[in-house]
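1. Generate a structure from the sequence data that follows.
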Amino acid sequence: MEESQEILLTPLDSFNGVNLSRQLEFWGYYQEEMDMCQRLLNKTTSATDILCLASLGNCYLRLANYQQATNYYQQSLLLARKINDRSREGDALGNLGLVSYRLANYEQAIEYHQQDLAIKREIGDCLAEGNALGNLGLVYKNLGDYFQAIEYQQQSLTIARKLESQQSEANALCNLGIIHYHLDDYLEAINYFQQYLRIVRKIGDRLGESTALSNLGEIFIKLERYTEASKSLQLSLELVKEICDRQGEGIALVNLGYMSIKLKQYSDARLFWV
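-> Numbers count the residues shown, from 1 in each chain. Coordinates of the predicted model:
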């Protein structure tokens, strides 16, 4: 069991310091990650239990099972507070903020992320501070406050690049791409998503890769660059099928069908939308 714990916690050098649990999530192996964490839970230390609970919450968040995600995040929060682990307490609050964001409870999301940000600044964790800023930027984007959203994301990007964290840099680039897409600034959005795509491919984040390709495909449709749109969306569809991302698969099919309608290829559109 101690050997399994070490494998779970030890960073994989080739993946920018990401541990095995996180890497399984990147690859889309959610069931494998959940099985591993369930086997370790309550078998070793409280610190490992917190990590396992957070990982289980992350899997359920990716699978859009928000009730289960909240349950595991709440457990990780209670345990972190019990052992006075301020860093993990902040992580749990940030994760609960992500669930609130997905459920469109934006005021609650801001409250969670601000608590997380305050803790990360208190303990001097600059990388986690950048991640909290990025999460706040996402919420303000959905509230339509794009100026505030860009400000938070740029702060997050600056920190990520200073600390040479590729995953955090990728997150900030993706978020900036989304914001500029909503501002109809498509060329700037493409620039950010292409930078994002290069990084997630390098670190093996397959879900991130499918997200980048899907977003680029949507923009290429807007710009009537249909050959590029088709290539991006087809690649995205292949990836989401491989990692069993049903929500991503649905988005890819809708976009491919929409593009077929734009090209007046109605029989193809029916195939995608069946």
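
2. For stretch 176-185, buried residues please.
-> Going by neighbour count (16 or more other Cβ atoms under 10 Å), the buried part of stretch 176-185 is 176, 177, 178, 179, 180, 181. (Glycine included, C-beta is placed from N, CA and C.)

3. what is the mean pLDDT for it?
-> Here stretch 176-185 scores 96 as its mean pLDDT.

4. Alpha carbons of the helix or strand harbouring residue 151, as CSV, please.
-> Element membership of residue 151, judged by DSSP states H and E, is helix 146-163. Output of helix 146-163 as CSV, limited to C-alpha atoms (Å, rounded to 0.1, in the frame of the first residue of the first chain):
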residue,chain,number,x,y,z
TYR,A,146,-15.0,40.7,-19.8
PHE,A,147,-12.6,43.5,-18.7
GLN,A,148,-12.3,41.9,-15.2
ALA,A,149,-12.1,38.5,-16.7
ILE,A,150,-9.2,39.4,-19.0
GLU,A,151,-7.4,41.1,-16.1
TYR,A,152,-7.6,38.0,-13.9
GLN,A,153,-6.5,35.7,-16.8
GLN,A,154,-3.6,37.9,-17.7
GLN,A,155,-2.4,37.9,-14.1
SER,A,156,-2.7,34.1,-14.1
LEU,A,157,-0.8,33.8,-17.3
THR,A,158,2.0,36.0,-16.1
ILE,A,159,2.5,33.9,-12.9
ALA,A,160,2.4,30.6,-14.9
ARG,A,161,5.0,31.7,-17.3
LYS,A,162,7.2,33.1,-14.5
LEU,A,163,7.0,29.8,-12.8
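
5. Inside helices: which ones of the buried residues of stretch 176-185?
-> 176, 177, 178, 179, 180, 181 (DSSP state H).

6. So the residue lying closest to the last one once chain neighbours are set aside: helix, strand or coil?
-> Same thing as residue 181. Counting by Cβ to Cβ, 6 or more residues apart in numbering, residue 189 is the residue found nearest to residue 181 once chain neighbours are left out, at 4.3 Å. The three-state assignment at residue 189 reads helix, by DSSP: H, G, I helix; E, B strand; the rest coil.

7. pLDDT wise, what is residue 189 at?
-> pLDDT, read off for residue 189, is 98.

8. And the helix holding residue 151, what does it pack against?
-> The contact analysis (3 or more Cβ pairs under 8 Å, 6 or more residues apart in numbering; DSSP states H and E) places helix 146-163 against helix 126-142, helix 166-182.

9. which secondary element of this protein has the worst mean pLDDT?
-> Ranking every helix and strand in the chain by mean pLDDT, DSSP states H and E puts strand 11-12 at the bottom, with a mean of 38.

10. Settle this for me: residue 49 is touching residue 42, isn't it.
-> Yes - in terms of Cβ atoms under 8 Å, residue 49 counts as a neighbour of residue 42; the distance is 6.3 Å.
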